[in-house]
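[1] Have a look; sequence and predicted model below, questions after that.
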Amino acid sequence: MFLTRDGCRLWFDHRGQGAQALVFLHDLMMNSCAWAPQIYGFQDRHKVYTFDFRGFGRSDKPGSECSIETLVEDLRFMLGELEIHRPVLVGAGMGATVAMTYAASAPGAVSGLVLAAATPCLAQRPDFRWGLPETEVAGLVAGLRADFPRAAGDYIGLVFPGVYNRRVARTMRRVVALEADPVVASSCLNDLAALDLRPMLPRIRTPVSVVSSFSDRIAPVWAGAWLANALGTDRFLVAPSVGHAPYLTAARYFNDALSSILAGSPAEDSPVPAVAAYRAVGAMS
């Protein structure tokens, strides 16, 4: 199913019934298929919506530069057109950035945020070391523009470290949008590297949960700990060493955590509780 904004068709899907709407927002280089374990895990008791951002999956590929703000406005448009009121936004990576930006710009519009593999700064800053080196991000951007299939393969290695099972590897390649729009993908990555979300975090006034992974190189666990504490949440969960996509590579853990979050149950004990992680981050500063 599609809605059209500014001449660009945006794909969405809606499944399930229930009082609470869950809106899943995918990461860079992926599409809504990445949320398959959550779609089938939650559609029996929640309204589940998935979108493909412009340039990815089944949405149109405009072949022009795209900013994170454009994706935020696409989300605002989709929520309005579909009359989705006060959803829980579940965002991963780039999708988490879109979710935070939207929540900061629209107080009261969402009832909760679940942020997976999230960071306030993708690239390192002098006062924020838990990001990718600027040279590495610049290399990824240049690679996506020069040799998209090869750079997409390199990105798979970053997202899914240590995935040796061939069936799993094939699945990863299917959900990583190798056919995505190279211009949109590279410009979004470039924009993510330039963004610093820290100044806008105080404007987010909704319950937040953060799920990180010990082996995530793109959004390190310490970045997740910093984010959780900056947002004032004690819901900071650390998945096993499963890389940048715990909703896929540790789907059972992620779904159990999401079920607990939605039920309002106390957060499970994390191997690195938010307060302890924050203190460790402070000690490393």
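    In hand now; what should we look at?

[2] if I pick F42, what's in contact with it?
    By CB atoms under 8 Å, 6 or more residues apart in numbering, the contact set of F42 is 16, 22, 48, 255, 258-259. All C-beta spots, glycine's among them, are computed from the backbone N, C-alpha and C.

[3] Can you tell me which of the residues you listed end up in helices?
    255, 258-259 (DSSP state H).

[4] Per-residue pLDDT of L158, please?
    Note for L158: predicted pLDDT of 82.

[5] wait, doesn't it sit right on D216?
    No - L158 is beyond contact range of D216, at 9.3 Å (criterion: CB atoms under 8 Å).

[6] Wait, a helix at L237?
    No - counting by DSSP: H, G, I helix; E, B strand; the rest coil, one finds L237 to be strand, located in no helix.

[7] shaky segments in the stretch 151-285 of the chain?
    Within the stretch 151-285 of the chain, the segments meeting pLDDT under 70 span 162-178, 265-285.

[8] What are the boundaries of the strands in it?
    Taking DSSP state E, counting those that start in this stretch, the strands of the stretch 151-285 of the chain run over residues 208-213, 236-239.

[9] who's in contact with the longest one?
    Translated: strand 208-213. Contacts for strand 208-213 (CB under 8 Å, 6+ apart): 112-118, 219-221, 223-225, 227-228, 231-233, 235-244, 246, 250, 254, 257, 261, 267, 274.

[10] list the contacts for M100?
    Counted by CB under 8 Å, 6+ apart, M100 has contacts 91, 113, 115, 118, 197, 200-201, 204.

[11] Now the residue positioned nearest the centre of the chain, what are its backbone angles?
    The chain has A92 as the residue nearest its centroid, 1.5 Å off, counting by CA atoms, centre = their mean. With angles defined as degrees, to the nearest 10, A92 sits at phi -120, psi 130.

[12] For it, name its beta-bridge partners.
    In this entry, A92 is beta-bridged to A116, by DSSP bridges.

[13] ok, it - contacts?
    A92 makes contact with 25-27, 30, 34, 116-118, 245, 247, according to CB under 8 Å, 6+ apart.

[14] any idea which of those is closest to W11?
    H26 (11.3 Å; CB to CB).

[15] For that closest one, give its distance to L144.
    17 Å (CB to CB, to the nearest Å).

[16] mind checking which of the strands of the stretch 151-285 of the chain is nearest M1?
    That would be strand 208-213 among these, by CB to CB, at 28.5 Å.

[17] ok, back up a step: mind checking which of L158 and D216 has more residues around it?
    D216 (27 against 16; other CB atoms under 10 Å).

[18] Please give me every residue in contact with that one.
    Neighbours of D216 in contact, by CB under 8 Å, 6+ apart: 117, 224, 243-244.

[19] how about D60, what does it touch?
    Taking CB under 8 Å, 6+ apart, one finds 8-10, 54 in contact with D60.

[20] repeat that with 7 Å
    Under the criterion of CB atoms under 7 Å, 6 or more residues apart in numbering, the contact list for D60 reads 8-9, 54.

[21] Specify which member of the residues you listed is nearest to A138.
    R54 (23.5 Å).
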